[in-house]
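Trainee: Return a 3D structure for these sequence lines:
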Amino acid sequence: MLAGQAGMAARRRLEATVRNAEVIEAMGMMGAVREKWAVVNEEKLLLQAIAQRRTGTFAALKKFIRLAAQTLTLGMGAWLVIGLEATGGVMIAASIILARALAPIEQAIGGWRSVLSARASLRRLKAFALEREYRPATMPLPAPEGAVTAEQLVFRPPNPAGEPILKGVSFRLESGESLAVIGPSGAGKTTLARLLVGAVAPFSGVVRLDNADIFSWNRDDIGKYLGYLPQDIELFPGSVGENIGRMGKMDAEKVVQAAQLAGVHDLILRLPRGYETEVGPDGQYLSGGQRQRVALARAIYGPPKVMVLDEPNSNLDGEGEVALEKALLALKECGTTVILITHKINLVKSVDKVLLLRDGRVEKFGPREAVLGKLMGPVGVVQGAHVKPVKSTVQDVQGAAE
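Mentor: So this is what the prediction gives:
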C-alpha cells in the first residue's frame, strides 16, 4: 500500500513537470526538478523492492509448505500401504484432499495485493460514510433576482493550525449593483470569490443569494444564474462554442450573444473554424488572452444574475480591456449583479461600490466615491504621491496611502 501511494506521488510530480515543461526549460530548472523527482522515485522504488521481496518470500514459503505437505502425505500413505494398513486408493485420495485444502491458502497469498487494496478501499468508504454531507440537498427554488449578502464569513485552510484567511467578512449588494473588491496580495480576495459562487463552504457564516444559502442551492439549478471567471483559466477539450455554452446542449443564439457581450465575437470568427475551432487540452491551442476572453464569454452565457470576476484582465491587451469594460456596462444594463476583483483603477471607476479587504477583514466598504475619496484624497493626491491616470492600479493608491 505504501509503495502504491509513493508511486502515485511520483506520477503526480511527473505530470506537473510535463505541464510546466516550457517554464522549466526556459529558466534552466530541469536539473533541480529532476533531482527532486529522483528522490521521490527512489523512495517509490525502495518500497516496491521491499514489497516484491516480501511477496517473493511468501510465495517461496507457500510453495515449500505445499510440496513438503504433499511429500509427507504420500510418504505416510506409502508406509501405511506397505504395512497393509491402507490401500493405494486411500493414499491418492488423501493427496487430492490435501491439495484441495491448500488451494484457498495459495490463492489468498497469490492475491494478497488485491486483499490489501480491498481493505484500503473499505477503510476509505467507512471514513467517507462517517463524514457529514458536503452539500445538503434542498428543494428547488425560484429564479433569483440577484441580491447578494455575505454574513460574517470565516474561512480557514484545511490545516487546523492555519490562521483563517477570511475573518468575519460582511456586506450586502442589491440586485443589479456592482462591487469592486480591492486589497493587497494575500488579503483573501480569491477565497472570497470562491465563497461567493458557492464553490467551497465557509468555516462559519453564510453567503446568501436572495436570502437563500448559495452553497446549499442545487448546483444544476443555480448554475445558469451564476457567472464565474476564476483567476486561473481552465478551458475544456472541445470547440470554442461548446466551451462558451458550458459544455451542455449548445444554444447557438445565446453563445453568439455571450461572445458579442464579451467583445470576442470578431476574434472567434477569425479563428480557423470560427466557433467550431477546437481549443485543445487545457485550451493550449489558444493564447492566454484568447483563453481569458473565451472564459469571460462563458461566464456571461445566459446572461447570469450574479457575475464574479477574479482578475479578469490579467492576460488582456488594450483591446481586450476595452472589450471588458464594455461587457461590464452591458451586464449592468441587463441587471446583473457584478462582483469584480481587480487591481486596475479603470475598472473600479465603473462600479457602484468598493470593498477594501486587508488581512482577511473588511477595512472599508461603501459607495465608490466615498471609499476612493478616503484612499486618494480630494484632488487625486495621496500624501504627496500623485495618482496616475487610467493605467495606475489600486495597489499603487493603497501603497501610497500606507
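Trainee: Point out where this structure drops to low pLDDT.
Mentor: Counting by pLDDT under 70, the ranges of the chain that qualify are 1-4, 19-20, 22-27, 109-110, 130-137, 160-161, 282, 377-402.
Trainee: switch to 50 and redo it
Mentor: Counting by pLDDT under 50, the chain has low-confidence residues at 379-402.
Trainee: How is it divided into domains?
Mentor: 2-130, 148-235+298-315+328-401 (automatic domain parsing).
Trainee: Can you get me the centre-to-centre distance for the longest one and its chain?
Mentor: The one in question is domain 148-235+298-315+328-401. Domain 148-235+298-315+328-401 sits 20 Å away from the centroid of its parent chain (CA atoms, centre = their mean, to the nearest Å).
Trainee: How about stretch 36-48?
Mentor: Taking CA atoms, centre = their mean, the mean C-alpha location of stretch 36-48 is offset from the chain mean by 27 Å.
Trainee: Do a quick rundown of the helices in the stretch 51-200 of the chain.
Mentor: Ranges of helices within the stretch 51-200 of the chain are 88-110, 112-130, 189-196, based on DSSP state H, counting those that start in this stretch.
Trainee: Present those helices as a markdown table; the columns should include distance to Gln257 and mean neighbour count.
Mentor: C-beta: built from backbone N, CA, C; applies to glycine. Shown next, in a markdown table, are the helices of the stretch 51-200 of the chain (distance: least, CB to CB, whole Å; neighbours: other CB atoms under 10 Å):
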| stretch | distance to Gln257 | mean neighbour count |
| --- | --- | --- |
| helix 88-110 | 62 | 13 |
| helix 112-130 | 42 | 11 |
| helix 189-196 | 24 | 22 |
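Trainee: Tabulate these (JSON lines), appending distance to Pro312.
Mentor: Converted to JSON lines, the helices of the stretch 51-200 of the chain look like this (distance: least, CB to CB, whole Å):
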{"stretch": "helix 88-110", "distance to Pro312": "58"}
{"stretch": "helix 112-130", "distance to Pro312": "37"}
{"stretch": "helix 189-196", "distance to Pro312": "11"}
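Trainee: Out of these, the one nearest Ser287 is which?
Mentor: When these are compared by CB to CB, helix 189-196 sits nearest Ser287, at 23.0 Å.
Trainee: Return the list of helices and strands in contact with the closest one.
Mentor: Judged by 3 or more CB pairs under 8 Å, 6 or more residues apart in numbering; DSSP states H and E, helix 189-196 is in contact with strand 148-155, strand 166-173, strand 178-182, strand 306-310, strand 337-341.
Trainee: Mind listing residues that contact the helix or strand that comes right after the fourth one?
Mentor: Same thing as strand 306-310. Moving toward the C-terminus from strand 306-310, the next helix or strand (DSSP states H and E) is helix 318-333. By CB atoms under 8 Å, 6 or more residues apart in numbering, the residues outside helix 318-333 that reach it are 176, 178, 261-264, 289, 292-293, 296, 300, 303, 307, 312-313, 316, 338, 340, 344, 346-347, 350.
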